[in-house]
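Engineer: my questions concern the predicted model and sequence given below.
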Amino acid sequence: MPARNRHRRPRILGGRRLTRLTVAAGAGSAALVLPLVAATHAGAATPEKSTTSATATYKVVKGDTLVKIATAQHVTGGWKRLYQDNKAAIGSDPGLIRPGTVLTLHVAQAVPQAKSTASTAASATAAKSATAGTGWMKPVGDAAIGTGYKASGSLWSSGSHTGVDFLVGSGTPVHVVAAGTVVSAGWDGAYGNDVIVHHADGRYTLYGHLSKTLVSAGQTVTEGQEIGVSGATGNVTGPHLHFEVRTTPSYGSDIDPVAYMRGHGVVI
């Protein structure tokens, strides 16, 4: 980790776009038009009827990932099912989905009251089993990257940058990218306050320079859980989130976080 952590000029992000998807409900139900679920958009339509299942189409826009789409649209089976259903359109790399690509979604719907209690419970259990543990996401949404992985120079004691820096102001919620177990949380020298999480694939993710940590060592966390708040603690020149991926919890075992996240269907 560097003794100092100066950043390059941030990239300017374009405006958000609101995308609509068309849900073709089962027999006896009218076709529905629903906006993509997002906290920053308003005006979501209310479905007229609920059915046991529905097929939807979705047009990919810039910044989308399979995980983001599957989570927002409640796709049965998560992003892996979404990829399998659309592999011919996407190609061999699930981390590369092109704007304009039309995807087919199998969307879970509410079970009609005519279903028996046992059948309803079984359906809910199956849906939970199919989606549990498959989710991966970005730690701070679509924030721009200021300093990339392995940027070289005398600014870093190791000779290069060991992670990526997301350009966010102090007070931004920081989320764990996937389920795991907290290895450590608190002060960590040049990293300031950080959180290190061990994941099921054996890798570790680190979230550095936090103004506050919200978890403790030994705690189990789920994908998307808020684990801290961004800040400017440690050796930095301004607020940001330092995100790092390691093969061990120790410094010096870093790997490319962009390639790692892409392997889990998330493009950063």
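Structural biologist: Happy to help now that I have it.
Engineer: and the closest residue in space to Tyr260 that isn't next to it in sequence, which of the three is it?
Structural biologist: Nearest in space to Tyr260, with sequence neighbours left out and distances taken as CB to CB, 6 or more residues apart in numbering, is Val245 at 4.7 Å. In short, each C-beta sits where N, CA and C put it, glycine included. Of the three states, Val245 takes strand according to DSSP: H, G, I helix; E, B strand; the rest coil.
Engineer: give me the mean pLDDT for stretch 85-95.
Structural biologist: For stretch 85-95, mean pLDDT rounds to 88.
Engineer: what about the residue lying closest to Asp64 once chain neighbours are set aside, neighbour count?
Structural biologist: Nearest residue to Asp64 in three dimensions, chain neighbours excluded: Ile97, at 6.2 Å (CB to CB, 6+ apart). By the measure other CB atoms under 10 Å, the count of residues near Ile97 is 24.
Engineer: now Ile97. Its backbone dihedrals?
Structural biologist: With angles defined as degrees, to the nearest 10, Ile97 sits at phi -120, psi 130.
Engineer: need the contact list for it.
Structural biologist: 60, 64-66, 90, 103 (CB atoms under 8 Å, 6 or more residues apart in numbering).
Engineer: how much space between it and Asp85?
Structural biologist: 13 Å (CB to CB, to the nearest Å).
Engineer: give me the common contacts of the two.
Structural biologist: Going by CB under 8 Å, 6+ apart, residues that sit against Ile97 and also against Asp85 are Leu103.
Engineer: buried residues in the host helix or strand of Trp79?
Structural biologist: Under the criterion of DSSP states H and E, Trp79 resides in helix 78-85. Neighbour counts using 16 or more other CB atoms under 10 Å place 78-83, 85 of helix 78-85 among the buried residues.
Engineer: which among the residues you listed gets closest to Asp194?
Structural biologist: Checking the buried residues of helix 78-85 against Asp194 by CB to CB gives Trp79 as the nearest, at 27.6 Å.
Engineer: Pro99: neighbour count?
Structural biologist: 11.
Engineer: which pLDDT value belongs to the closest residue to it other than its chain neighbours?
Structural biologist: Nearest residue to Pro99 in three dimensions, chain neighbours excluded: Lys62, at 4.9 Å (CB to CB, 6+ apart). Here the pLDDT value assigned to Lys62 is 81.
Engineer: related to what we said a few turns ago, other SSEs contacting the helix holding Trp79?
Structural biologist: Applying 3 or more CB pairs under 8 Å, 6 or more residues apart in numbering; DSSP states H and E, we find helix 78-85 packed against helix 66-72, strand 102-108, helix 117-131.
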